[in-house]
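Undergrad: Let me see the structure of the following:
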Amino acid sequence: RLTVITGVSGSGKSTLARDVLHANLVRLVNNKSKSSIKTNGCKTITGWDTVGRVLEVDQTPIGKTPRSCPATYVGFWDTIRRLYAEAPEARMRGYTASRFSFNTKGGRCEACEGQGVQKIEMSFLPDVKVPCDICNGARFDTETLAVRFKEKSIGDVLAMSVDDAVDFFAAHPMIHHTLRLLQDVGLGYLTLGQQSPTLSGGEAQRIKLVTELAKVRINGDDAGGRPGRGGAQKRTLYVLDEPTVGLHMADVEKLIHVLHRLVNGGHSVVVIEHDLDVIAEADWVIDLGPEGGDAGGRVVAAATPEELVRLGTHTGKALAPVLARV
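TA: Predicted structure coming up:
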């Protein structure tokens, strides 16, 4: 189910979701010895034995170096490297998939060590990064770039937007499926090789969600909660803290679809949120309050969005016109 934790600022939402629920569940789920564990901040947690994994999906960067990019983080870059290794030119030259890695020597541009940029140290100022003047940001040496797949070099693929790559890899289901997911969450404008440090917090968070979605096989009419391909054999509880911060309304709508797809894949999602559109989409709402600070910290309602409106809490009153519009 999609559960949203609501309430005025300071009512205890983050404390409940992160410090009590997430922190305790991580210890319980990872308890290899099966010994009894004392929970902090609550008497007990029931029903956790059906959860195989607990994951907090936040807006922290997906990588700290220019080598990290959406293609490597989400996980389809290795498949692309194997495609290039099977190209006639690569087989004739004896190239393996490792030749097309920008993290190891042998095929990458050594002037920038596969980063595509060079760092210029500035006295009394922050360092400046400029495109590599040897490979022009392509990350690979001339010999590696000479190998073509559908008339494109591997450097050209890194420079492709997700929208263009969806068509380019249409005949390769594994790559195409993941690219479509990136497109579905509104990231079609990103390039496959965009350096992770240049991504915003919202972009990084949605890429993390796509990485999770790629592990789940979801058929719209027949989700059934069955574990999917890619090793996602455990029911996962996802915890998100205000994922709509900084997002445009159109991106919020796409984020809601992503959360529903995770739920349809048999997982559970707990979201701390103020956004009324997200709250209206919830299966269940836990409303904290009644006020903030010392006057907060209590569960004032645990109900469906419609019931919350009937109860007339602060959140329910704000939610009423949104549900009326729906």
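
Undergrad: Would you map the helices across the stretch 151-300 of the chain?
TA: Assignment of helices within the stretch 151-300 of the chain using DSSP state H, counting those that start in this stretch yields the ranges 154-158, 162-168, 173-184, 201-213, 249-264, 276-280.

Undergrad: relative orientation of the fourth one and helix 173-184 in degrees?
TA: Taking axes from the mean of the first three to the mean of the last three Cα atoms, to 10 degrees, helix 201-213 and helix 173-184 form an angle of 150 degrees between their directions.

Undergrad: Next, the buried residues of helix 201-213.
TA: Neighbour-count burial for helix 201-213 flags G202, E203, A204, Q205, R206, I207, K208, L209, V210, T211, E212, L213 (criterion: 16 or more other Cβ atoms under 10 Å). Just so you know, the C-beta spots here come from the backbone N, C-alpha and C atoms, and that holds for glycine as well.

Undergrad: Kindly report the same for the longest one.
TA: Burial within helix 249-264, assessed by neighbour count using 16+ other Cβ under 10 Å, is assigned to D251, V252, K254, L255, I256, V258, L259, H260, R261, L262, V263, N264.

Undergrad: quick one: which two of those are the most distant?
TA: Across the buried residues of helix 249-264, the longest distance by Cβ to Cβ is 20.1 Å; it joins D251 and N264.

Undergrad: Need the pLDDT of the residue nearest the centre of the chain.
TA: With distances taken as Cα atoms, centre = their mean, K208 lies nearest the centre of the chain, 1.6 Å away. As predicted, K208 sits at a pLDDT of 93.

Undergrad: Could you list which residues are in contact with it?
TA: K208 is in contact with V57, I62, counting by Cβ atoms under 8 Å, 6 or more residues apart in numbering.

Undergrad: how much space is there between it and L145?
TA: 31 Å (Cβ to Cβ, to the nearest Å).

Undergrad: for A159, same thing?
TA: Look at A159 and L145: by Cβ to Cβ, they are 11 Å apart.

Undergrad: Need the residues touching each of the two.
TA: The contact sets of A159 and L145 overlap at A138 (Cβ under 8 Å, 6+ apart).

Undergrad: Now render the buried residues of helix 249-264 as a markdown table, adding distance to T198 and pLDDT.
TA: Shown next, in a markdown table, are these (distance: Cβ to Cβ, whole Å; pLDDT from 0 to 100):
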| residue | distance to T198 | pLDDT |
| --- | --- | --- |
| D251 | 18 | 88 |
| V252 | 22 | 90 |
| K254 | 21 | 90 |
| L255 | 21 | 91 |
| I256 | 26 | 93 |
| V258 | 22 | 91 |
| L259 | 26 | 93 |
| H260 | 29 | 94 |
| R261 | 27 | 91 |
| L262 | 26 | 92 |
| V263 | 31 | 94 |
| N264 | 32 | 92 |
